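Asks: Okay, structure incoming, though there's no sequence with it:
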Ligand SMILES: [Zn+2]
């Protein structure tokens, strides 16, 4: 039984090492990005920041002088604001207006279509030396097996067994309201298409605007999988990308 405990400890050690290393690395990465502009405007103002996301240029105003901020690049374009506006921009943060950056959202939806995931399960066996005789010769041991399971998009993954599900993107945004003397951010419901919420929830965080829902699981014979298409099993309504505009054609 001694060796069995040893194996458990090894496993825990591996997990601890993997989780600590990324945490240690983050402060070094962030400290390299703190270069500030040489802007000398004295009045309260916010700068136009831009970035390229989903093959589209995204623009938003932020209260910052960092040359790189929240994934955006500083520009010298600025607008004067009031102190109250600054409170608004603090809550808005890196979010951008969906209507003014529609290409980014449309391209995002075009890249996030439904797709199939395949379940896999397989066993690995491992021999652990158990005990030795008086002369140090190994005379017994243990076999352990680990069952590995998960979901993959690779139909040729080891252990794919015919169970599939559909991964479906759901989109969300935010609105900013003024309540009890302060600005408050409120998240939208999850929708199949940004156009369902874009007028009521005009602000989008490009890094946090998609969540994935999963269908129920369907069992097929493995030999059926190569010809199985996502449309054959999807129970979700997908964004209609044949409409490229925001309002003019959508839903009419
Ligand atoms: Zn400035």
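Replies: Great, that's in hand. Keep in mind that what you see is a predicted model, and the values were worked out from it rather than measured.
Asks: so what are the domain limits for this protein?
Replies: Following automatic domain parsing, one gets these domains for the chain: 35-94, 101-239.
Asks: which stretches of this protein have low pLDDT?
Replies: For the chain, applying pLDDT under 70 flags the ranges 1-33, 248-252.
Asks: just to revisit the earlier point, of the domains of the chain, which is nearest the ion?
Replies: With C-beta to the ion as the measure, domain 35-94 is the member of those nearest the ion (3.1 Å). C-beta here means a position set from N, CA and C on the backbone, and glycine is covered the same way.
Asks: what's the offset of that closest one from the middle of its chain?
Replies: Distance, stretch centre to chain centre, for domain 35-94: 24 Å (C-alpha atoms, centre = their mean, to the nearest Å).
Asks: give me phi/psi at the spatially closest residue to residue 247 that is not a sequence neighbour?
Replies: Spatial nearest neighbour of residue 247, excluding adjacent residues (C-beta to C-beta, 6 or more residues apart in numbering): residue 195 at 7.5 Å. Note on residue 195: its backbone torsions stand at phi -70, psi -20 [degrees, to the nearest 10].
Asks: just to revisit the earlier point, mind putting the domains of the chain into a markdown table with distance to the ion and mean neighbour count?
Replies: Shown next, in a markdown table, are the domains of the chain (distance: least, C-beta to the ion, whole Å; neighbours: other C-beta atoms under 10 Å):
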| stretch | distance to the ion | mean neighbour count |
| --- | --- | --- |
| domain 35-94 | 3 | 15 |
| domain 101-239 | 21 | 15 |
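Asks: Would you mind giving those as a markdown table with distance to residue 245 added?
Replies: Below are the domains of the chain laid out as a markdown table (distance: least, C-beta to C-beta, whole Å):
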| stretch | distance to residue 245 |
| --- | --- |
| domain 35-94 | 15 |
| domain 101-239 | 8 |
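Asks: rewinding a little: any idea how far the residue nearest to residue 247 is from residue 141?
Replies: Per C-beta to C-beta, to the nearest Å, residue 195 is found 63 Å from residue 141.
Asks: Could you do residue 201 as well?
Replies: Going from residue 201 to residue 141 by C-beta to C-beta gives 61 Å.
Asks: helix or strand right after the longest strand along the chain?
Replies: Looking across the chain with DSSP state E, the single longest strand is strand 115-132. As assigned by DSSP states H and E, the chain's next helix or strand after strand 115-132 is strand 138-152.
Asks: Against which helices or strands is that next one packed?
Replies: Packed against strand 138-152, as judged by 3 or more C-beta pairs under 8 Å, 6 or more residues apart in numbering; DSSP states H and E, are the following elements: helix 2-30, strand 115-132.
Asks: What angle do strand 115-132 and that strand make with each other?
Replies: Strand 138-152 runs at 170 degrees relative to strand 115-132, counting by axes from the mean of the first three to the mean of the last three C-alpha atoms, to 10 degrees.
Asks: Okay, now the sheet partners of strand 138-152, with direction.
Replies: Paired strands of strand 138-152, with direction, are strand 115-132 (antiparallel) (DSSP bridges).
Asks: so what's the nearest residue to residue 244 once chain neighbours are set aside up against?
Replies: Among residues not flanking residue 244 along the chain, residue 106 sits closest, at 6.3 Å (C-beta to C-beta, 6+ apart). Applying C-beta atoms under 8 Å, 6 or more residues apart in numbering, we find residue 106 in contact with 194, 241, 244.
Asks: Residue 106: which element?
Replies: helix 102-111.
Asks: Return the distance of that helix from the chain's centre.
Replies: Helix 102-111 sits 15 Å away from the centroid of its parent chain (C-alpha atoms, centre = their mean).
Asks: next one: stretch 205-215
Replies: For stretch 205-215, the separation from the chain centroid amounts to 6 Å (computed by C-alpha atoms, centre = their mean).
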